[in-house]
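>>> Fold the following and give me the result.
(2 chains)
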Number of protein chains: 2
Amino acid sequence: MNAPLHPSAEFLRALHAIVGAEHVLVDPTDQAPYLIDWRGRYRGTACAVALPADTAEVAAVVKLCAERRIPIVPQGGNTGLVGGSVPDESGAALVLSLKRMHRVRALDLDNDTITVESGCLLASVQEAAREAQRLFPLSLAAEGSCTVGGNLSTNAGGTAVLRYGNMRELVLGLEVVLPDGRVWDGLRGLRKDNTGYDLKQLFIGAEGTLGVVTAAVLKLFPAPTASATAFAAVRDPDAAVALLRLMRARCAEHLTTFELLSQPALDLVVTHMAGSQVPLTQSYPWYVLVELTGPGVDEALQAELVETLEAAAEAGLVPDAALAESVAQRNALWALRENMSEAQRLEGAGIKHDISIPVSSIPRFLERAGAQLVEAFPQVRIVAFGHLGDGNLHYNLVQPRGRSKEAFLAEADRANLIVHDEVARLRGSISAEHGLGQLKRDEIVRYKSAVELELMRAVKRALDPAGLMNPGKVL
Amino acid sequence: MNAPLHPSAEFLRALHAIVGAEHVLVDPTDQAPYLIDWRGRYRGTACAVALPADTAEVAAVVKLCAERRIPIVPQGGNTGLVGGSVPDESGAALVLSLKRMHRVRALDLDNDTITVESGCLLASVQEAAREAQRLFPLSLAAEGSCTVGGNLSTNAGGTAVLRYGNMRELVLGLEVVLPDGRVWDGLRGLRKDNTGYDLKQLFIGAEGTLGVVTAAVLKLFPAPTASATAFAAVRDPDAAVALLRLMRARCAEHLTTFELLSQPALDLVVTHMAGSQVPLTQSYPWYVLVELTGPGVDEALQAELVETLEAAAEAGLVPDAALAESVAQRNALWALRENMSEAQRLEGAGIKHDISIPVSSIPRFLERAGAQLVEAFPQVRIVAFGHLGDGNLHYNLVQPRGRSKEAFLAEADRANLIVHDEVARLRGSISAEHGLGQLKRDEIVRYKSAVELELMRAVKRALDPAGLMNPGKVL
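Sure thing, here's the model as predicted:
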């Protein structure tokens, strides 16, 4: 790590004048949590960390930095997995934390919208919706510490995308501080607006490289009053895809969750997570966790789910299945899926892939990628699971028993190449929901066409000609 | 109308070499249908009309035009309402009709996607989905003659937006010929892909000003197996909004249609459209047409709808309502809504507004705009109806009895100003689903901030620096 650049006294005075001296961090101990990601994989340095209180302060800070050519790294909960919110090691950049901006600005129940500042925790938005008898459907592991701004900037996904879409689909309007410090007020709460280019789309998923999102109008949904959850064994991934098709045909929009788990993935959870209970008496190569939600009462959705699973059993797709009969049983089923990442961590080092592929090609991907990995690494342990319903797999390799962490991780580049090349052959994505950040910025060049990269660069140049917004990320 | 420019013989030879001489129209009679919109409001001239057969031909034509600085007007079904697909009167532009590109390139049932060329009729896509036991939900009056390319370029809306979203929400991938003739292949069928800027969003709703969309991957949905439809009277717009809220809470995603109709609007349909039947015995100031769709059987959804309307009646929101008991009755109810535009046309000239407002502000809008219009034009006849569920009203003024068409239409600018200023005060949109085209290109400058207009111009400059794509539209 390089020593940080000393910001000029004049720059610090100007920053103090905008946000107050107590909200400008220069002491290394104070700065520390802002300079490293939560997994400890990315570490950088900054000339200062500024914590503005409102949009006007953000705008003034950005303008100040633009005038002085100081790069800015916008930061939310700093829970990303690709190093997108951590500064580089030059010490040149200012970290701009949105943490203090966490107001709910408005709740409009007849319009089914909530307007929040980007420092709001995702869990706080979920809670505000719940209190209003509504649902804000975005749900992911980091929801207690990630922020709306981060969710927007990474177009976050999670477990409810099949039914409700990604963060992009949940946004109606944005307020953004542009790279020169001007404020774009696009905080509209409209479900139809065709008056020119839909500018908010530029900033969603841009990982802070085109501006600083300061607030958003988000869609709220009716809170489901009923749910039904089951855990089912399937013969193979083809059967899982056929079951998904059957469930979509019979349950339509009631189908909210369709998660795939391989036997090795489930084994790790049972091994490492005390109290894990698999509700089936026999073991099978693959499983799915499925959930219906909707209006009405649980009994109606449970009957719909049971009938569908019976039809699937008759069609030879599902050899065994268990329905959750209580909230406790539902939670126990979900724990099998939710403890997956932690169980892997306890088992050893991991080489992870966050990929998506057209659902129809997932069985072919698993077969081909698996065969190539076994050939390249005879000891390989593949742990595959994920959101089959939207074609998103977490396709991970776990440290083989008896092999050192270092020796295993040294193979990461080769393994990534095998996995991602196969993804590309099937017209998939090497980053389904985590973004590019620092982690995949160079790798993406292998998988995107020159035309697409040039279009991305043209957009970047148009909005941030000086290249000061989150440099070194995405592009 | 100016005389068209004579295209150079060399340019025509080059065009012939690309698309074949029979697909280059220069004769005025052959060109005529491409130079005027279907309502006859916009008329232009062109140096030629070219009808390429595939993406390679489109790319070659665009490249040829770029080299010769010839503007291009991309055209689909030419059914737009704002003059977006009609050339200007200079005769300089080439009209590029996508009409011959109407192949379904792929249908992937496990991925629930269909890949179509942009000249496909919307109705053909709906039909292809239906044959595959799927739903492509975009539905609008012009569906028999409008094309997917036009739907994409105008981000089309229609009657199912409440449940399924606009065209933007129905697209997973695009293939686009860029203004310099390069092809961007973004034809991905992925529901999650966070590898940089989501470029397809730039072209959706851009009205052909940033490139030529040649193909798209569209989402398919489970075909609903059940529906329930009702026509209900409501006291006033506040009651309609309260009913929407109640229905969202109780029927959640089953609610697919929530259309508002004023008494004067309904009267016009009954007067002009033979066989119109209003199923209520008494007349009321406002009505709603509501429909639930979903999996399962009609009876279940009908019971859900009846229970909800009973609850609404108990709450004093709905004085009377009628449920469709057969397909014929359902069609009769829908006809009341669908014949609205035609009935207005038969009544006389119209000054139309395609606006959206946060749903919660619609009653206030109707009250305020109505009061101002009555004050300005004592004889005014307001015909309001539309997609209340997504805040989109067609707020039209109909030629007063005993007043000439010319005298009435001479008041259009003053009336537009009253209506659109009120829309703007309530943070609404002056073009909810029709786009800007030529019609609202100048007017939008009054309602968008300088920052927003400058961002739009920056995007335009970045993608089409020579300004050759559909000049004079949007910006």
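>>> So the residue most central in space within chain A, which state does it fall into?
Centroid-nearest residue in chain A: A:Ala156, 3.8 Å away (criterion: CA atoms, centre = their mean). For A:Ala156, the assignment made with DSSP: H, G, I helix; E, B strand; the rest coil gives coil.
>>> Is there any residue in the strand or helix carrying A:Arg248 that contacts chain B?
A:Arg248 is part of helix A:237-251, with elements assigned from DSSP states H and E. Yes. With CB under 8 Å from any CB of the partner chain as the criterion, chain B is reached by helix A:237-251 at A:241-242, A:244-245, A:248-251. To be clear about C-beta, it is placed using only N, CA and C from the backbone, and glycine gets the same treatment.
>>> what about the helices in the stretch 301-450 of chain A?
Under the criterion DSSP state H, counting those that start in this stretch, the stretch 301-450 of chain A contains helices at A:327-338, A:340-347, A:362-376, A:405-409, A:412-425, A:444-447, A:450-463.
>>> who does the first one touch, helix- and strand-wise?
It stands for helix A:327-338. strand A:226-234, strand A:255-262, helix A:263-272, strand A:286-294 (3 or more CB pairs under 8 Å, 6 or more residues apart in numbering or on different chains; DSSP states H and E).
>>> With distance to chain B as added columns, please give the ones you listed in JSON lines.
Formatted as JSON lines, those follow (distance: least, CB to the nearest CB, whole Å):
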{"stretch": "strand A:226-234", "distance to chain B": "10"}
{"stretch": "strand A:255-262", "distance to chain B": "9"}
{"stretch": "helix A:263-272", "distance to chain B": "19"}
{"stretch": "strand A:286-294", "distance to chain B": "6"}
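>>> Export those as TSV, with columns for mean pLDDT.
As requested, the helices and strands packed on helix A:327-338 are exported to TSV (pLDDT from 0 to 100):
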stretch	mean pLDDT
strand A:226-234	98
strand A:255-262	96
helix A:263-272	96
strand A:286-294	97
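>>> Which one, of these, ends up nearest to A:Ala332?
Closest to A:Ala332 of these, according to CB to CB: strand A:226-234, at 9.1 Å.
>>> partners of that closest one in the sheet?
strand A:286-294 (antiparallel), strand A:320-323 (antiparallel) (DSSP bridges).
>>> Mean neighbour count, those: which tops it?
strand A:286-294 (a mean of 25; mean count of other CB atoms under 10 Å in any protein chain shown).
>>> C-alpha coordinates for that strand, CSV please?
Provided in CSV are the C-alpha atoms of strand A:286-294 (Å, rounded to 0.1, in the frame of the first residue of the first chain):
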residue,chain,number,x,y,z
TRP,A,286,-30.1,-32.1,-7.5
TYR,A,287,-32.8,-30.3,-5.5
VAL,A,288,-34.9,-27.2,-6.0
LEU,A,289,-36.4,-24.8,-3.4
VAL,A,290,-39.6,-23.3,-4.8
GLU,A,291,-42.0,-20.8,-3.3
LEU,A,292,-45.3,-19.4,-4.4
THR,A,293,-46.5,-16.1,-3.1
GLY,A,294,-49.7,-14.1,-3.8
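>>> quick one: it to chain centroid distance?
20 Å (CA atoms, centre = their mean, to the nearest Å).
>>> swap in stretch A:228-238?
On CA atoms, centre = their mean, the centre of stretch A:228-238 falls 24 Å from the chain's centre.
>>> Just the C-alpha atoms of it, please, in CSV.
What follows is stretch A:228-238, C-alpha atoms only, in CSV (Å, rounded to 0.1, in the frame of the first residue of the first chain):
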residue,chain,number,x,y,z
ALA,A,228,-46.3,-21.9,-0.1
THR,A,229,-42.8,-23.4,0.0
ALA,A,230,-41.4,-26.8,-1.0
PHE,A,231,-38.2,-28.6,-1.3
ALA,A,232,-38.1,-31.1,-4.1
ALA,A,233,-35.6,-33.6,-5.5
VAL,A,234,-34.9,-33.6,-9.2
ARG,A,235,-33.1,-36.2,-11.3
ASP,A,236,-30.8,-33.8,-13.1
PRO,A,237,-30.7,-30.2,-14.3
ASP,A,238,-32.8,-31.0,-17.4
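>>> State the distance from A:Ile362 to A:Leu388.
Plainly put, A:Ile362 is 7 Å away from A:Leu388 if you go by CB to CB, to the nearest Å.
>>> Between those two, which has more neighbouring residues?
In terms of neighbours (other CB atoms under 10 Å in any protein chain shown), A:Ile362 is the more surrounded of A:Ile362 and A:Leu388; the figures are 28 against 25.
>>> Wait, that one touches A:Val241, no?
Yes. If you go by CB atoms under 8 Å, A:Ile362 and A:Val241 touch, sitting 6.4 Å apart.
>>> Common neighbours of these two, please.
A:Leu388 (CB atoms under 8 Å, 6 or more residues apart in numbering or on different chains).
>>> quick one on the thing from earlier: tabulate the helices of the stretch 301-450 of chain A (JSON lines), appending mean pLDDT.
Putting these into JSON lines (pLDDT from 0 to 100) gives the following:
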{"stretch": "helix A:327-338", "mean pLDDT": "96"}
{"stretch": "helix A:340-347", "mean pLDDT": "93"}
{"stretch": "helix A:362-376", "mean pLDDT": "98"}
{"stretch": "helix A:405-409", "mean pLDDT": "95"}
{"stretch": "helix A:412-425", "mean pLDDT": "98"}
{"stretch": "helix A:444-447", "mean pLDDT": "96"}
{"stretch": "helix A:450-463", "mean pLDDT": "98"}
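>>> want to try JSON lines for those helices, with distance to B:Arg13 as columns?
Shown next, in JSON lines, are the helices of the stretch 301-450 of chain A (distance: least, CB to CB, whole Å):
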{"stretch": "helix A:327-338", "distance to B:Arg13": "64"}
{"stretch": "helix A:340-347", "distance to B:Arg13": "63"}
{"stretch": "helix A:362-376", "distance to B:Arg13": "47"}
{"stretch": "helix A:405-409", "distance to B:Arg13": "62"}
{"stretch": "helix A:412-425", "distance to B:Arg13": "41"}
{"stretch": "helix A:444-447", "distance to B:Arg13": "40"}
{"stretch": "helix A:450-463", "distance to B:Arg13": "29"}
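>>> nearest to A:Trp286, of these?
A:Trp286 lies closest, by CB to CB, to one member of those: helix A:362-376, at 9.4 Å.
>>> Flag every buried residue along that closest one.
By 16 or more other CB atoms under 10 Å in any protein chain shown, the buried positions in helix A:362-376 come out as A:362-366, A:369-370, A:372-373.
>>> Spell out which helix or strand contains A:Thr115, please.
strand A:113-117.
>>> That strand near chain B anywhere?
Yes. Interface with chain B: strand A:113-117 contributes A:Thr113 (CB under 8 Å from any CB).
>>> and that strand, which strands flank it?
For strand A:113-117, pairing defined by DSSP bridges yields strand A:104-108 (antiparallel), strand A:212-219 (antiparallel).
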